[in-house]
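Enquirer: Any chance you can model this:
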Amino acid sequence: MGDIRAFIFDLDGVITDTAEYHFLAWKQLADEEGLPFTREDNEQLRGISRRESLLRLLKGRVIPETIMETWMERKNDYYKSYLDDITPANRLPGVTAFLDDARQQGIKCAIGSASKNAKSVLEKLKLIGIFDVIGDGFSVVNQKPAPDLFVWAAGGLHVAVNQAVVFEDAEAGISAAKAAGCYSVGIGTANISHANMVLQDGLANVNVQQVLTHLQAHHSNHE
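Expert: Numbers count the residues shown, from 1 in each chain. Reported below is the predicted structural model:
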């Protein structure tokens, strides 16, 4: 792998945690339509697209495409109403210092999120200017675990995929990073043990140099 020149961050669960808002929005839709939906069900929706989330919510039940479109729009409207409450205080612990550290070291930064609301969330977090490239649900056709979004983000940053580190909290995201040929850092405690490095506490207790040192050591051990 090449020298690390770029970081690509998932948004939900890495930079901020809007998982609770997603849960409340899906729960509202599920309750209105008489669909069983629990917090355990919601854990299975981490890092996947809105359409795939709805298919999992339906648990095999088939409904017409037009109704699926309407339901996805409704869920998104509910979700966006929760997003109105987001402020810079909703940045996860350690995020601000870690991003500042990365920029000071000349590392390019991008977002690689399946969310179609990524830009509005970043604006509310007052982070939109920090990122050189913002990859979201509109950027590529094939979402995670396909590698396309991270390949797209690396291209936008003008770095090779093997010079980029992906920070992800979801199994599908780590799989996408690996398929893309990027380094991967798993955030949190989901099924992310296949990442090159795991930070259970997120970005709170780590600095950029520690991440770079660990990944480069991991890489030389596997050459």
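
Enquirer: drop to CA atoms for contacts and neighbour counts, all remaining ones
Expert: Fine.

Enquirer: Tell me which other helices or strands the worst-scoring helix or strand of the chain on mean pLDDT touches.
Expert: Lowest on mean pLDDT, DSSP states H and E among the helices and strands of the chain sits helix 208-221, with a mean of 87. On a contact count with 3 or more CA pairs under 8 Å, 6 or more residues apart in numbering; DSSP states H and E, helix 208-221 meets helix 95-104.

Enquirer: which of the residues in the helix it packs on are buried?
Expert: Going by neighbour count (16 or more other CA atoms under 10 Å), the buried part of helix 95-104 is 95-96, 98-99, 102-103.

Enquirer: next one: stretch 4-23
Expert: In stretch 4-23, counting by 16+ other CA under 10 Å, buried: 4-16, 18-19, 21-23.

Enquirer: Off-centre distance for it?
Expert: On the basis of CA atoms, centre = their mean, to the nearest Å, stretch 4-23 is displaced by 4 Å from the centre of the chain it belongs to.

Enquirer: can you dump the C-alpha coordinates of that stretch into CSV?
Expert: What follows is stretch 4-23, C-alpha atoms only, in CSV (Å, rounded to 0.1, in the frame of the first residue of the first chain):
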residue,chain,number,x,y,z
ILE,A,4,-1.4,7.5,3.6
ARG,A,5,-2.5,10.8,2.2
ALA,A,6,-6.3,10.9,2.8
PHE,A,7,-9.0,10.0,5.4
ILE,A,8,-12.5,9.1,4.3
PHE,A,9,-15.1,9.2,7.0
ASP,A,10,-18.6,7.7,7.2
LEU,A,11,-20.9,10.2,8.8
ASP,A,12,-23.4,8.4,11.0
GLY,A,13,-21.7,6.8,13.9
VAL,A,14,-18.3,8.2,13.1
ILE,A,15,-18.7,12.0,12.9
THR,A,16,-22.1,12.3,14.5
ASP,A,17,-24.7,9.8,15.7
THR,A,18,-28.0,10.2,14.0
ALA,A,19,-28.8,6.5,14.4
GLU,A,20,-31.4,7.4,17.1
TYR,A,21,-33.2,9.7,14.6
HIS,A,22,-33.2,7.0,12.0
PHE,A,23,-34.7,4.6,14.5
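
Enquirer: Any idea how far apart the tips of stretch 178-197 sit?
Expert: One end of stretch 178-197 sits 12 Å from the other (CA to CA, to the nearest Å).

Enquirer: Quick one: mean pLDDT for it?
Expert: Computed over stretch 178-197, the mean pLDDT rounds to 93.

Enquirer: how far out from the middle of the chain is that stretch?
Expert: 12 Å.

Enquirer: From residue 115, how far out is residue 79?
Expert: Per CA to CA, residue 79 is found 11 Å from residue 115.

Enquirer: Check residue 77 too.
Expert: 13 Å.

Enquirer: Show me which of those two is the more surrounded one.
Expert: A count of neighbours by other CA atoms under 10 Å puts residue 115 above the other of residue 77 and residue 115, at 19 against 13.

Enquirer: Pull the contacting residues for that one.
Expert: Counting by CA atoms under 8 Å, 6 or more residues apart in numbering, residue 115 touches 49, 136-137.

Enquirer: Surely residue 48 touches residue 172?
Expert: Yes - under the criterion of CA atoms under 8 Å, residue 48 makes contact with residue 172 at 7.2 Å.
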